[in-house]
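1. okay, sequence plus prediction incoming.
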Amino acid sequence: MDIDARIERRQRRDDGHRLVRDYEALSPVVHTDEPSGRGPAVERLLDHLDPVFDGVLPPNAYVHGPFGAGKSAVVTALFAGLERLSTGQGAIHTSTRAATPGTPGFAYVDMRETASEFAFYHAVLDGLVEERVPEHGIGTADLRERLGALLAGRSGAVVAVDHVGEPDDTDTEELIDLFAGLPSNVSWLAVGRASPEETELTTYTATAVRLDPYRRGALVDVLMTRAAAGLAQGGLEHRLARRIAEWAAGNAHDALAALFVAADTAERAERTRVMEHDVDGAIGEVPERSVSLARVLALPANKQLVLRALVDLDPEERATVAATTEAISAEPSVDLSQGTVKRFLYEMAELGIVERVRSERESGKGRPPSRLELRFAPSAFRRLYDLRQ
DNA sequence: GATCCACGGGAATACACGGATG
DNA sequence: CATCCGTGTATTCCCGTGGATC
């Protein structure tokens, strides 16, 4: 985001007549420092991590729970806090973060943004040191060496690895290999949706921590907290939050996505508060089996560009993959060959970002084409994407 | 100069159908 | 009738190259 966009956003925030004061605070892809209603889960994770306060590494562990149960919210908030702890509240600035002797370092790695071996080691190193680690001109082996040297003189590190086991993700074996490339004084905390029985990962862990879906009341609190942070006073009635929470059935991602869409709809209509039909529309826009918007927004830039064009197409232009490809390529903002656009579309279908649906054949010749359906709320993506440009 | 990885482009494979074959 | 084959699309797979970054 450039300076002008930032200034513009602040301007809008100061405009008292606006419903949406801060999209960031409402964003389903942004986690807050204090995840509301997940206190017990934080405690259980702290129980597991307790040895670090005596300078001892905990064993490997696996955190699991269904989509939208707050796994990432809890782990990111917790690791942000632990990083502050090991930097000594930033009082001492050295090149490394773990200035307090005896306390391990902490790093949070999101596998959604970590496709290669290089990217993984880069993310770990970047999480452990204060200075920025270059992304070019340095080899994977160099990174591994730097990590080895860094950790050799330290009391180790705990690495949280979020979103394991997603499609196209590094699988268990690869992940274990990645950690095998690090010194032995590294403990990991994997986070995923699969139950402990479903993943091989648990053959390497001593502990599993389960997060259950949000209870309805807790989810209402989450929504009201977000509304208080991002909307004008009284922008969201309690009963509408209840309605969203009821529909979301414990999935905080979908609930926040619905709130975001409803608020955006109301904002565009220049209303001063969210109305019931805004909520109805929003609920209708979030697909049944949705993909995380965070996952969509973690895609490479040009794939997001293709999606951005895709969400603006008419239904006719989406009749087949070929037609969709053509329409997207015709967009001046898209500077990609048709072959690449088409490949991107198929790849994203493979990832579950969009879904291929076989359309009724008309010609009778050859394999019938498919059309693409979105697995995320288009106006949420549109708004979040545009805010980042 | 070194490194990573996104793109482009095309080859290989899958699928659906109708017609031919046994 | 069951199976195979040819044709036309759709989809997946693969890898060399070049742009961007350090």
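-> Good, I have the coordinates.

2. what's the distance between the residue nearest to residue A:382 when sequence neighbours are not counted and DNA strand B?
-> Residue nearest to residue A:382 in three dimensions, not counting chain neighbours: residue A:311, with 5.5 Å by C-beta to C-beta, 6 or more residues apart in numbering. C-beta: built from backbone N, CA, C; applies to glycine. The span separating residue A:311 from DNA strand B equals 18 Å under the rule C-beta to the nearest atom of the strand, to the nearest Å.

3. just checking, residue A:311 touches residue A:383?
-> No - counting by C-beta atoms under 8 Å, residue A:311 sits too far from residue A:383 to count as a contact (10.4 Å).

4. any idea which residue of chain A lies closest to DNA strand C?
-> Checking chain A residue by residue against DNA strand C with C-beta to the nearest atom of the strand singles out residue A:366 as nearest, at 2.1 Å.

5. count the neighbours of that residue for me.
-> Around residue A:366 sit 7 other residues, with neighbours defined as other C-beta atoms under 10 Å.

6. contacts only, for it.
-> Shown in contact with residue A:366 (C-beta atoms under 8 Å, 6 or more residues apart in numbering): no residues.

7. ok, residue A:325 next?
-> The neighbourhood of residue A:325, defined by C-beta under 8 Å, 6+ apart, consists of A:338, A:341-342, A:345.

8. in stretch A:315-326, which residues are buried?
-> By 16 or more other C-beta atoms under 10 Å, the buried positions in stretch A:315-326 come out as A:317-319, A:321, A:324-325.

9. so between residue A:311 and residue A:383, which is more surrounded?
-> In this view residue A:311 and residue A:383 are compared by other C-beta under 10 Å, and residue A:383 has more residues nearby, 21 against 15.

10. so the more buried one, which of the three states?
-> The three-state label given to residue A:383 by DSSP: H, G, I helix; E, B strand; the rest coil is helix.

11. the residue nearest the centre of chain A and residue A:376, how far apart?
-> In chain A, the centroid-proximal residue (C-alpha atoms, centre = their mean) is residue A:294; its distance is 3.3 Å. For residue A:294, the distance to residue A:376 (C-beta to C-beta, to the nearest Å) stands at 10 Å.

12. so which residues on the stretch 1-150 of chain A come close to DNA strand B?
-> Counting by C-beta under 7 Å from any atom of the strand, the stretch 1-150 of chain A comes close to DNA strand B at A:115-116, A:118-119, A:135-140.

13. what residues are up against the residue lying closest to the residue nearest to the centre of chain A once chain neighbours are set aside?
-> Residue nearest to residue A:294 in three dimensions, not counting chain neighbours: residue A:29, with 4.1 Å by C-beta to C-beta, 6+ apart. For residue A:29, the residues meeting the contact criterion (C-beta under 8 Å, 6+ apart) are A:292-294, A:297, A:384.

14. show me which of these is closest to residue A:79.
-> Here the nearest of the contacts of residue A:29 to residue A:79, counting by C-beta to C-beta, is residue A:294; it sits at 16.1 Å.

15. re earlier: can you pull the pLDDT of the residue nearest to residue A:294?
-> Per-residue confidence at residue A:29 stands at 94 (pLDDT).

16. so it: helix, strand or coil?
-> Taken by three-state DSSP, the conformation at residue A:29 corresponds to coil.

17. flag the shaky bits of the stretch 251-389 of chain A, pLDDT-wise.
-> Low-confidence regions of the stretch 251-389 of chain A, defined here as pLDDT under 70, cover residues A:361-364.

18. try it again at 80.
-> Low-confidence regions of the stretch 251-389 of chain A, defined here as pLDDT under 80, cover residues A:359-366, A:389.

19. which stretches in it count as helices?
-> Using DSSP state H, counting those that start in this stretch, the helices of the stretch 251-389 of chain A run over residues A:252-268, A:276-285, A:293-296, A:301-310, A:321-330, A:338-351, A:378-388.

20. so can I have TSV of those showing distance to residue A:129?
-> As requested, the helices of the stretch 251-389 of chain A are arranged in TSV below (distance: least, C-beta to C-beta, whole Å):
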stretch	distance to residue A:129
helix A:252-268	31
helix A:276-285	42
helix A:293-296	25
helix A:301-310	26
helix A:321-330	40
helix A:338-351	31
helix A:378-388	26
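
21. residue A:157: what's it in contact with?
-> Taking C-beta under 8 Å, 6+ apart as the criterion, residue A:157 is in contact with A:98, A:104-107, A:124, A:128, A:151, A:185-187.

22. report the buried members of these.
-> The neighbour count (16+ other C-beta under 10 Å) marks A:98, A:104-107, A:124, A:128, A:151, A:186-187 as buried among these.

23. of those residues, closest to residue A:59?
-> Using C-beta to C-beta, residue A:187 is the member of the buried ones among the contacts of residue A:157 that lies nearest residue A:59, at 6.5 Å.

24. that closest one should be in a helix, yeah?
-> No - looking at residue A:187 with three-state DSSP, it is strand, so not inside a helix.

25. quickly list what it is bridged to.
-> Partner residues in beta bridges with residue A:187, using DSSP bridges, are residue A:158.

26. so it makes contact with residue A:159?
-> Yes - taking C-beta under 8 Å as the definition, residue A:187 is a contact partner of residue A:159 at 7.4 Å.

27. need the residues touching each of those two.
-> Overlap between the neighbourhoods of residue A:187 and residue A:159 is empty, taking contacts as C-beta under 8 Å, 6+ apart.
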